[in-house]
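> Sharing a model that was predicted from the sequence below.
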Amino acid sequence: MKACRIAILGATGAVGRTMLQVLEEQTDWEIGEVRLLASPRSAGQTLLFKGQPLTLEAVTETSFEGMDVVLGAVENELAKRWAPWIVKAGAVFVDNSSAFRLDPGVPLVIPQINAEDIFKHQGIIANPNCATIIALMAVAPIYRLSRITRMIVSTYQAVSGAGAAGLAELKRQIAQLEAGQAVSAEAFPVQIAYNLIPQIGGFDEQGYSAEERKLQDEGRKILHDPALKISCTCVRVPVLRCHSESITLETERAVNLEEARKAIAEAEGVRLNEQPYPTPLACTDQNQVEVGRLRRDCTHEKGIALWCCGDQLRKGAATNAVEIVRTWWQKQAAH
Ligand SMILES: NC(=O)c1ccc[n+]([C@@H]2O[C@H](COP(=O)([O-])OP(=O)(O)OC[C@H]3O[C@@H](n4cnc5c(N)ncnc54)[C@H](OP(=O)(O)O)[C@@H]3O)[C@@H](O)[C@H]2O)c1
């Protein structure tokens, strides 16, 4: 199989660095040249890949030439700015921002759920929102037993979900508080240290935050189910890494708990953990999403309640993106 040449756009960020780590771990396909792109601030610095220093370059119009794939780990405006240049260079853009996710011409993919959509791409493939990936990985095994009609989700999202700046802010605020200093909030609307913030993104006219809308909008597209109903409350918590979610769902036909357990235990990329339950610390740096606390919803005969945790920098971003590339590349090689 030909070696796949991959550029990472935003290689110095929380997602970009995790992408480099996930690429290092690939064993069953060959990765050729790896090009690291970021802002001019990072140009000339190095990051290690398989023990060798790779020099960061400032992204320009010609940065994507000779690449098969560009993994996007920059914010929306930068993704939109560079997408035409990536497509023009003939590379496939696998983007982690939300810029293209709901575009009808752009597949939105979790390979364990809708891998077939990858092959409909026209140059861009979108990686879903991190909380959406973790929730859908947990519930898709149940959805395959019976369509899910409704979900109520509460999320507990780590500070690194807001990037390197979010991670630094929690650490800085804890140090400031320990030193008896005043705390300043920059990455989050208010102090996150020793606090919870029930806001991720701006609020719409109905009072939902941007993050809360993503779960329903993206969930419908990934599951090809425009009638799926999801109501969500997204909360930032002072955890460094891994998003956790409490999910109550209703199925079309009653699914018994043993069926649900078996389906989750057998699903690829998911681990059933009822000994005693998943936690963000235990899931940190793991590719799998863990599911536990499975129980009958005591308010509805077709309802199931569960708890899940997943590393949002891995399965919620880098791992999922690399799995998309691997699936696409291996299929190409087979033809
Ligand atoms: N964090 C998560 O858990 C997560 C999960 C899923 C999806 N995402 C999405 O993934 C993307 C990256 O998020 P992140 O958390 O990794 O952010 P981050 O830690 O803030 O990293 C941002 C990256 O963008 C680069 N950048 C900034 N300005 C640039 C410019 N003018 N030109 C080129 N590169 C520039 C930075 O490079 P410098 O270091 O040179 O400034 C850095 O590599 C975002 O769209 C985010 O919404 C994040």
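Perfect, I can see it now.
> hang on, Trp307 packs against Arg295?
No - using C-beta atoms under 8 Å, Trp307 makes no contact with Arg295, being 9.4 Å away. Every C-beta, even on glycine, is put in place using the N, C-alpha and C of the backbone.
> Residues contacting the worst-scoring helix or strand of the chain on mean pLDDT, please?
The weakest-scoring helix or strand in the chain, judged by mean pLDDT, DSSP states H and E, is helix 319-334 (a mean of 94). Outside of helix 319-334, the residues within contact range by C-beta atoms under 8 Å, 6 or more residues apart in numbering are 1-2, 4, 6, 18-19, 22-23, 26, 28-29, 68-69, 71, 92, 94, 96, 109-111, 115, 118-119, 121, 125, 127-128, 133, 287, 311.
> Say whether the ligand is contacted by it.
No - Helix 319-334 does not reach the ligand (C-beta under 6 Å from any ligand atom); its nearest approach is 8.7 Å.
> Now do the buried residues in that helix.
Thr319, Asn320, Ala321, Val322, Glu323, Ile324, Val325, Arg326, Thr327, Trp328, Trp329 (16 or more other C-beta atoms under 10 Å).
> now do stretch 278-286
Of the residues in stretch 278-286, Pro278, Thr279, Pro280, Cys283, Thr284, Gln286 count as buried by neighbour count, 16+ other C-beta under 10 Å.
> residue contacts, the third one?
Going back to what we said before, that points to Pro280. Pro280 makes contacts with Tyr156, Ala158, Val239, Arg241, Cys242, His243, Ser244, Cys309, as judged by C-beta under 8 Å, 6+ apart.
> Give me the subset of those residues lying in helices.
Using DSSP state H, no member of these falls in helices.
> Show me which pair in those is furthest apart.
Across the contacts of Pro280, the longest distance by C-beta to C-beta is 12.1 Å; it joins Tyr156 and Arg241.
> still on that earlier bit, could I get the contacts of Pro280 as a markdown table with pLDDT?
Formatted as a markdown table, the contacts of Pro280 follow (pLDDT from 0 to 100):
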| residue | pLDDT |
| --- | --- |
| Tyr156 | 99 |
| Ala158 | 98 |
| Val239 | 98 |
| Arg241 | 98 |
| Cys242 | 98 |
| His243 | 98 |
| Ser244 | 99 |
| Cys309 | 98 |
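> State which one residue of the stretch 1-150 of the chain is found closest to the ligand.
As assessed by C-beta to the nearest ligand atom, the ligand sits closest to Gly13 within the stretch 1-150 of the chain, at 2.0 Å.
> Go ahead and confirm that residue touches Ala162.
No - at 10.9 Å, Gly13 does not count as touching Ala162 under the criterion of C-beta under 8 Å.
> more neighbours, those two?
With neighbours defined as other C-beta atoms under 10 Å, Gly13 and Ala162 compare such that Gly13 has more, 23 against 19.
> Ramachandran coordinates for that one?
Phi and psi for Gly13, reported as degrees, to the nearest 10, are phi -80, psi -180.
> returning to that earlier point: which one's more surrounded, Trp307 and Arg295?
Shown here are Trp307 and Arg295; by other C-beta under 10 Å, Trp307 has more neighbours (21 against 13).
> SS state for that one?
Look at Trp307: counting by DSSP: H, G, I helix; E, B strand; the rest coil, its state is strand.
> quick one, what contacts it?
Ser244, Glu245, Ser246, Ile247, Tyr277, Pro278, Val291, Gly292, Arg293.
> try Pro53
By C-beta under 8 Å, 6+ apart, the neighbours of Pro53 are Thr46, Leu47.
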